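Asks: Generate a structure from the sequence data that follows.
(chains A and B)
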Amino acid sequence: MLTLELVRIVQDDFSLAVDFTLEQGRILALIGPSGAGKSTLLNVIAGFFPPQSGRVMWQGRDITGQVPGQRPIAMLFQDNNLFPHLSALQNVSLGLRPDLKLDQAERDQVQDALRRVGLAGLGDRKPGNLSGGQQSRVALARILVQRRPLVLLDEPFAALGPALKRDMLRLVRDVMADIGGTLIMVSHDPDDARMIADLTAVVADGTVSTPQPTKDLFETPSAALRAYLGD
Amino acid sequence: MIRSGPGYAAAGFVLLFIFGPLIMVFVKAGGGVLPGPGDWAAIRFSITQATLSALFSTVLAIPVARALARRQFRGRGVLITLLGAPFILPVIVAVLGLLAVFGRSGALNSLLIWIGVPPVQIYGLHGVVLAHVFFNLPLATRILLQAWQQIPAERFRLAASLNLSAGQIARQLEFPMLRAAAPGAFVVIFALCLSSFTVALTLGGGPKATTVELAIYQAFRFDFDLGRAAMLAVIQTLLVGIVALFALKYSHGEGFGAGLDRVVTRWDAQSTLLRLNDALILIFAALFLLLPLTMVVINGIAGWSRMPAQVYSALWVSVTIALLSTALTLALALPLALTALRRGWIEVIGLFGIVSSPLVLGTGLFLIVHPFADPARLAFAVTGLVNALMALPFTLRVLIPSLRASEQNYGRLADSLGLTGWTRLRLLLLPRARRALGFAAGLTAAMSMGDLGVITLFADPSHATLPLQMYRLMGAFRMEAAAGAGLVLLMSSLGLFWILDKGGRGDVDA
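Replies: Numbers count the residues shown, from 1 in each chain, chains lettered A, B, ... in the order given. Now for the predicted structure:
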């Protein structure tokens, strides 16, 4: 269970107040206008940006002071999710062992993850020799082997076309079902939320709304959501 | 993430070996020797020649950079690469090439005599300035070309749509850019020329054409007047230190800059007259740079068989020193650069090498070693050490931006995967800095290979690096043998650079 307890994020003249709880195994979409602080919120949860006040708790334990690598979190950024000088196989392996010293069982696990995302046989390629969609699959394979209970997606598929993006989101849903973990994804496209998120929260006007079932939220949109959707 | 300890250790090493000798020099100079008329003349000459060299280099670079900025032609890339060559070209080799073109019996004078005009003399002030322009015109051109390319292409498009003439564009777009960029080029070149040694040693000399750096050497070699050498070293340090710190503010690692291959379409410069103008300028610039080098190759091949056996032993000495000082530079630069990512001030320590001149450091080290051992026995070690310290600023300027880019682009990913310490270095920072490391290593090795500085203070007649061996052959008027040695030196310097730089490019396909 993830709890954001009276978290206040301040950056120059921007501020955001967050206070919500997310149960294990849920998929939460954060939607809202650009500049509202969706990415910053993910960075606070992941530990890349310190909140001004409040606590980030995981399973009742305060993780606010932990460095990113120690947190039970796997994250995909908007770009640069793969090291371009390492092969797909090595990039995935980093999720298991940061020093790349894998034993046989771990090597099998990596091969299996690559197979799961549809990249069997492409492990030796470097990211430069893979398509955009394939690069996203490598990053998802790493999420798969990392098996972190909390996964954060900061619009990693924004550069992909609509069909490819839907494929990726379906893959994300399968991966999360496999891990049994919690997912928070940032998006500016309401369709993304409708497709895989059971909960959605709106980030706008310096606050984050309480996560609600996605279906209810879009059926009776709040003023902030209506303003964002433009209808 | 990455521990700072090794960075501090490297900084301590640099401080010790730069300020230790400097303090020694100051202590020794405290003996009360005041500068004599000869010393004041040396100061005046240093400043005069540096001013003229910087002025000519910068002014002549303006039309060359403009022609390169607005013309697309076959060989443009090669010409721009060639403009980077002076960094790795041994000074003494260039001097030999310049002598072959502009010297007493050189190509130019043969031509002048044939026409019936009195021959020109290369030794003295104008020879020193000529050699400095040869080295720094390319540097100035690269600095200005970079500035030219920072004018957005859209400005020229807008100017074209407003139908501005070439002259109006120059006034509106190019002069303001030059007002900002040209003084920077001038100061950097002024600083480089101020501590010139090899050029002054070979083309200057005599009471009228002695730089301070050369005067230190003479006080050492001819008079063994350590007090006077120390006093001159203090003057040189203050002079170079002040100007170098000033120049550092203006330099942004120019001349190494990538992205000089872009050409902006210029609708204003399509007239035949302007095309002809640019073509002539580029042909003259290319000839000025290429003729001396061509002469080195031609004369070198002719003199190959005349080389004494010492050339080969000197070659191995030089290659060994170059590789050792490259290893030392990288061993210092890497921890310094890694620590500088978080504590920027530490880079400044690495740059201290600039404020001290090689001969001043050499003087200080000589004074330290002298009471205990025969300095000649340590000649090669001291040369390697000083070369490493001198190359450190360039290496840091190449390495730090590369490491910084890796951290900026992939630091968060590495953090989220828990890559720390040695693992982060091995899997992220070193592989991504490979290109920069290779380039920096090549630069250091080539600079060390071609250096003729501190070795002249220490070496006894039976030992020599290749540049010193070449200088001795020139001094003995064995010009054919010197030409052969020059070709060997040229090939080995460029070869070392090429191998190390190539090693850095490796199979980096990202």
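Asks: Can you pull out the low-pLDDT segments for chain A?
Replies: A:231 (pLDDT under 70).
Asks: ok, and what's touching the top helix by length along it?
Replies: Scanning chain A for the helix with the most residues, using DSSP state H, yields helix A:162-179. Helix A:162-179 is contacted by residues A:27, A:116-117, A:132-133, A:136-137, A:140, A:143-144, A:147-149, A:151, A:153, A:157, A:160, A:183, A:185, A:192, A:195-196 when judged by Cβ atoms under 8 Å, 6 or more residues apart in numbering or on different chains. The way it works is simple: take the backbone N, C-alpha and C, and place the C-beta from them, glycine included.
Asks: what's near enough to touch residue B:329?
Replies: Applying Cβ under 8 Å, 6+ apart to residue B:329 gives the contacts B:388, B:391, B:392, B:395, B:440, B:441, B:444.
Asks: does it belong to a helix or a strand, and which?
Replies: Using DSSP states H and E, residue B:329 falls within helix B:310-340.
Asks: just checking, what packs against whatever helix or strand comes next after that helix?
Replies: Using DSSP H and E, the next helix or strand after helix B:310-340 towards the C-terminus is helix B:345-355. Packed against helix B:345-355 by the contact rule (3 or more Cβ pairs under 8 Å, 6 or more residues apart in numbering or on different chains; DSSP states H and E) you find helix B:5-29, helix B:226-250, helix B:310-340, helix B:379-416.
Asks: Tabulate these in JSON lines, adding columns for mean pLDDT and distance to residue B:435.
Replies: What follows is these, written out as JSON lines (pLDDT from 0 to 100; distance: least, Cβ to Cβ, whole Å):
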{"stretch": "helix B:5-29", "mean pLDDT": "87", "distance to residue B:435": "22"}
{"stretch": "helix B:226-250", "mean pLDDT": "81", "distance to residue B:435": "24"}
{"stretch": "helix B:310-340", "mean pLDDT": "94", "distance to residue B:435": "14"}
{"stretch": "helix B:379-416", "mean pLDDT": "90", "distance to residue B:435": "7"}
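Asks: Now tabulate these in a markdown table and tack on distance to residue A:95.
Replies: Below are these laid out as a markdown table (distance: least, Cβ to Cβ, whole Å):
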| stretch | distance to residue A:95 |
| --- | --- |
| helix B:5-29 | 29 |
| helix B:226-250 | 43 |
| helix B:310-340 | 25 |
| helix B:379-416 | 10 |
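Asks: what does chain A have sitting close to chain B?
Replies: Proximity of chain A to chain B (Cβ under 8 Å from any Cβ of the partner chain) is limited to residues A:46-48, A:67-70, A:73-75, A:77, A:80-81, A:83-86, A:94-95, A:98-100, A:126-129.
Asks: got a list of what residue B:419 touches?
Replies: By Cβ under 8 Å, 6+ apart, the contact list for residue B:419 reads A:69, A:94, A:98, B:427, B:428.
Asks: how close does the nearest residue to the first one once chain neighbours are set aside get to residue A:101?
Replies: Nearest-residue entry for residue A:69: residue B:418, 3.1 Å, with adjacent residues in sequence omitted and distances by Cβ to Cβ, 6 or more residues apart in numbering or on different chains. With distances taken as Cβ to Cβ, to the nearest Å, residue B:418 is found 14 Å from residue A:101.
Asks: Just want to know which of the two has more residues nearby.
Replies: Higher neighbour count among residue B:418 and residue A:101: residue B:418, with 18 against 10, using other Cβ atoms under 10 Å in any protein chain shown.
Asks: isn't the more buried one right up against residue A:71?
Replies: No. With contact defined as Cβ atoms under 8 Å, residue B:418 and residue A:71 do not form a contacting pair (9.6 Å).
Asks: For the longest helix of chain A, which residues meet the burial criterion?
Replies: Residues of helix A:162-179 classed as buried: A:165, A:166, A:167, A:168, A:169, A:171, A:172, A:175, A:176, A:179 (neighbour count, 16 or more other Cβ atoms under 10 Å in any protein chain shown).
Asks: How far off centre is that helix?
Replies: 12 Å (Cα atoms, centre = their mean, to the nearest Å).
Asks: Report all helices and strands that the next helix or strand after it contacts.
Replies: Moving toward the C-terminus from helix A:162-179, the next helix or strand (DSSP H and E) is strand A:182-187. Strand A:182-187 is packed against strand A:27-31, helix A:38-46, strand A:150-154, helix A:162-179, helix A:190-196, with contacts defined by 3+ Cβ pairs under 8 Å, 6+ apart.
Asks: Could you identify the buried members of the contacts of helix A:162-179?
Replies: A:27, A:116-117, A:133, A:136-137, A:140, A:143-144, A:147-149, A:151, A:153, A:157, A:160, A:183, A:185, A:192, A:195-196.
Asks: Format the contacts of residue B:329 as CSV; extra columns: neighbour count and distance to chain A.
Replies: Listed next are the contacts of residue B:329 as CSV, based on neighbours: other Cβ atoms under 10 Å in any protein chain shown; distance: Cβ to the nearest Cβ, whole Å:
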residue, neighbour count, distance to chain A
B:388, 26, 28
B:391, 27, 26
B:392, 27, 26
B:395, 27, 21
B:440, 30, 18
B:441, 26, 18
B:444, 31, 23
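Asks: How about residue B:415: what's its closest non-neighbour residue?
Replies: Using Cβ to Cβ, 6+ apart and skipping the chain neighbours, the partner closest in space to residue B:415 is residue A:68 (4.2 Å).
Asks: whoops, residue B:147 was the one
Replies: residue B:181 (3.5 Å).
Asks: Now the element after the one helix or strand that neighbour maps to, going C-ward?
Replies: Here residue B:181, judged by DSSP H and E, is contained in helix B:175-194. Remark: after helix B:175-194, the chain's next helix or strand is helix B:198-203, criterion DSSP H and E.
Asks: Please save the CA atoms from the next helix or strand after that next one in PDB.
Replies: Downstream of helix B:198-203, the first helix or strand assigned by DSSP H and E is helix B:212-221. In PDB, the C-alpha atoms belonging to helix B:212-221 read as follows (Å, rounded to 0.1, in the frame of the first residue of the first chain):
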ATOM      1  CA  VAL B 212      60.800  35.400 -21.000                       C
ATOM      2  CA  GLU B 213      60.500  31.600 -21.300                       C
ATOM      3  CA  LEU B 214      63.600  31.600 -23.600                       C
ATOM      4  CA  ALA B 215      65.400  33.900 -21.100                       C
ATOM      5  CA  ILE B 216      64.900  31.400 -18.400                       C
ATOM      6  CA  TYR B 217      66.400  28.700 -20.500                       C
ATOM      7  CA  GLN B 218      69.400  30.900 -21.400                       C
ATOM      8  CA  ALA B 219      70.000  31.800 -17.700                       C
ATOM      9  CA  PHE B 220      70.100  28.100 -17.000                       C
ATOM     10  CA  ARG B 221      71.900  26.700 -20.000                       C
END
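Asks: Also compute the angle for helix B:212-221 relative to helix B:5-29, please.
Replies: Inter-element angle recorded for helix B:212-221 and helix B:5-29: 70 degrees (by axes from the mean of the first three to the mean of the last three Cα atoms, to 10 degrees).
Asks: What helices and strands are in contact with helix B:212-221?
Replies: helix B:37-70, helix B:198-203, helix B:226-250, helix B:358-369, helix B:455-458.
Asks: got the contact list for the last one?
Replies: So the one you mean is helix B:455-458. B:201, B:217, B:220-221, B:359, B:362-363, B:366, B:375-376, B:378-380, B:382-383, B:464-465, B:467-468, B:471.
Asks: Buried subset of those, written for PyMOL?
Replies: Applying 16+ other Cβ under 10 Å to these, the buried members can be selected in PyMOL as follows:
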select buried, chain B and resi 201+217+220+359+362+363+366+375+378+379+380+382+383+464+465+467+468+471
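Asks: could you pull out the strands for chain A?
Replies: Secondary structure of chain A (DSSP state E): strands at A:2-11, A:14-22, A:27-31, A:53-58, A:61-62, A:73-76, A:150-154, A:182-187, A:199-204, A:207-208, A:212-213.
Asks: can I get the ones you listed in TSV with distance to residue B:125?
Replies: Shown next, in TSV, are the strands of chain A (distance: least, Cβ to Cβ, whole Å):
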stretch	distance to residue B:125
strand A:2-11	59
strand A:14-22	62
strand A:27-31	71
strand A:53-58	70
strand A:61-62	74
strand A:73-76	65
strand A:150-154	64
strand A:182-187	68
strand A:199-204	71
strand A:207-208	74
strand A:212-213	84
